[in-house]
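**Q** Please work out how this folds:
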Amino acid sequence: MRRKTRRVIAIGVAALSCFLVVAYVFSESKTHSLAENSPRNEKSELVRLLENHCNTVNALENIHLPESSEGILQNAEIRQIQVVTRHGDRSAIFTTPMTHSNRFRCPRESDYAKTSESPPLSPCRASQLTRTGCEQHRKLGNFFKRAYGLSNEDLESKMRISSTRYQRTIKSAECLVSGLLGDDSFSQSEIHLTSSDCFATSDDTDTGYLQRCPRLNSIWARLKLQLKYVTMATRWDAIRRRVVDFAGGRSDLSLTAIGDTVYTHYCHLRKSLGDPSVTPCLSPGHCLLEPLTLEVVKAYDECTTFNYTEEVSILLIQPLVSQIVAQMESVVLGKSDMKFVHYSGHDVTLMPLLIALGGWKGRRSPYASRIVFELWQKEEDNDNCETSECRYQVKILYNGKALSRRGRDVFSFGEFRTWVLDGPLRTVSAYRNACMTGSLER
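**A** As a prediction, the model looks like this:
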């Protein structure tokens, strides 16, 4: 009898155990099913970083919305707009096993700024502006026209366009002006070219600034001897080696080439090829995993930005900022009526400028990013200014957001001029001395 009772109890326990296991499996299956069928949670950190970098045309179509503060200052008239931009979407600079460069499509050189048709596309060269990149800048030019109420008559003989000597920056400038003017009458021959990424002028008597600062290389060499850099470089190389192993042992792949591949794949190739993969692939189904790709993106950005200390940034960008001040001063003194000035550059143009202005957030500037310097003239009967430097106001914005200084978004031209020219590089001679000795006078 006892044996029979024990057998019944054992069978009961087994049955209960089976029931609980089945119930658990069903519950888990239902939970996973709900998770799969419910809307996706917020985007991964990698996707957010890549999407921000791409700065899509759709995003640029929305910059006229209230979150943009450009063209807004009460009781004042806009007198001058100076814009420093990064070029638009481009093809890859480097060829890697994960970069199918022949799949990038770009307009012909003569077709970029055309507004009346969709030009035929052909394979891009390395680092060439894509049609998407052109459209980004065309949208930007159209936005400036609306935000500041500019007409073609306003801009006639009152516009100056400068660019570095790269196809992607020159064509970005052309496309921006075509959006600004609403036609394709502007030609590349009207663009002032410079071989300096930070728009340093030639070493001449007009400015006294050096096109290349000799001491920068020694400053960078000193930075790379620091323990912090050595530690970070070791980590960067470990990440690079993991990608090299994935790519079949291509030991010549640099972290810069890998990072460039990740960005260009997501911003351009992924969309144009209809590729669902967030990360670049060697072949269908053989793609970089997202966690490693996120490490690549962060390391690539760290590697690029490490060299841009405040000291280096000031040396790099002082010539450009001095040009910006000079353009404003000519208007303030009544010597010029220049309305729109554009500097078409790179992320390494915007980065030191943002650091010098105190607006750097530690992230690489997206394609078609912009820093805008607005010069406003206040209504005379609305203030107590006795000098023109007080009556003229300056506002600086990065991608539509005002850059504050000492808690203020707007300051007089006199304050801005003093801040720039009476700062660490108080005079041209102080700048030249710093470039020759590698030390800034404080």
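**Q** Mind telling me what element the residue most central in space within the chain is part of?
**A** Computing the C-alpha centroid of the chain and ranking residues by CA atoms, centre = their mean puts residue 365 first, at 2.1 Å. Residue 365 is part of no helix or strand when elements are defined by DSSP states H and E.
**Q** residues contacting it?
**A** Residues near residue 365 by CB atoms under 8 Å, 6 or more residues apart in numbering: 86, 347, 350, 351, 354. (Each C-beta comes from the backbone N, C-alpha and C, glycine too.)
**Q** Recalculate using a threshold of 10 Å.
**A** By CB atoms under 10 Å, 6 or more residues apart in numbering, the contact list for residue 365 reads 52-53, 55, 85-86, 345-351, 353-354, 371, 398-399.
**Q** Please indicate which of these are buried?
**A** 53, 55, 85-86, 345-351, 353-354, 371, 398-399 (16 or more other CB atoms under 10 Å).
**Q** Of those residues, which belong to helices?
**A** 53, 347, 348, 349, 350, 351, 353, 354 (DSSP state H).
**Q** Any chance of CSV for those, columns distance to residue 223?
**A** Below are those laid out as CSV (distance: CB to CB, whole Å):
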residue, distance to residue 223
53, 25
347, 19
348, 16
349, 20
350, 20
351, 15
353, 19
354, 19
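**Q** ok so, going back, point out the least confident member of the buried ones among the contacts of residue 365, please.
**A** On pLDDT alone, residue 55 ranks lowest of the buried ones among the contacts of residue 365, at 89.
**Q** from what I can see that one touches residue 400, true?
**A** No. Under the criterion of CB atoms under 10 Å, residue 55 makes no contact with residue 400, lying 11.8 Å away.
**Q** Select the longest strand from the chain.
**A** strand 76-86 (DSSP state E).
**Q** which residues does residue 259 contact?
**A** With CB under 10 Å, 6+ apart, residue 259 has these contacts: 94, 239-240, 243, 293, 296-301, 303-304, 364.
**Q** Among these, which one lies nearest to residue 134?
**A** Distance to residue 134 across the contacts of residue 259 (CB to CB) is lowest for residue 364, with 20.9 Å.
**Q** Does the closest one touch residue 55 like I think?
**A** No. Applying CB under 10 Å as the test, residue 364 and residue 55 come out as separate, 11.2 Å apart.
**Q** any shared contact partners between those two?
**A** Shared contacts of residue 364 and residue 55 (CB under 10 Å, 6+ apart): residue 86.
**Q** show me where the stretch 251-400 of the chain has strands.
**A** Here the stretch 251-400 of the chain has its strands, by DSSP state E, counting those that start in this stretch, at 281-283, 286-287, 340-345, 370-378, 392-398.
**Q** will you turn these into a markdown table that also has distance to residue 261?
**A** As requested, these are arranged in a markdown table below (distance: least, CB to CB, whole Å):
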| stretch | distance to residue 261 |
| --- | --- |
| strand 281-283 | 10 |
| strand 286-287 | 12 |
| strand 340-345 | 23 |
| strand 370-378 | 26 |
| strand 392-398 | 27 |
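**Q** which of those strands sits most buried?
**A** strand 340-345 (a mean of 25; mean count of other CB atoms under 10 Å).
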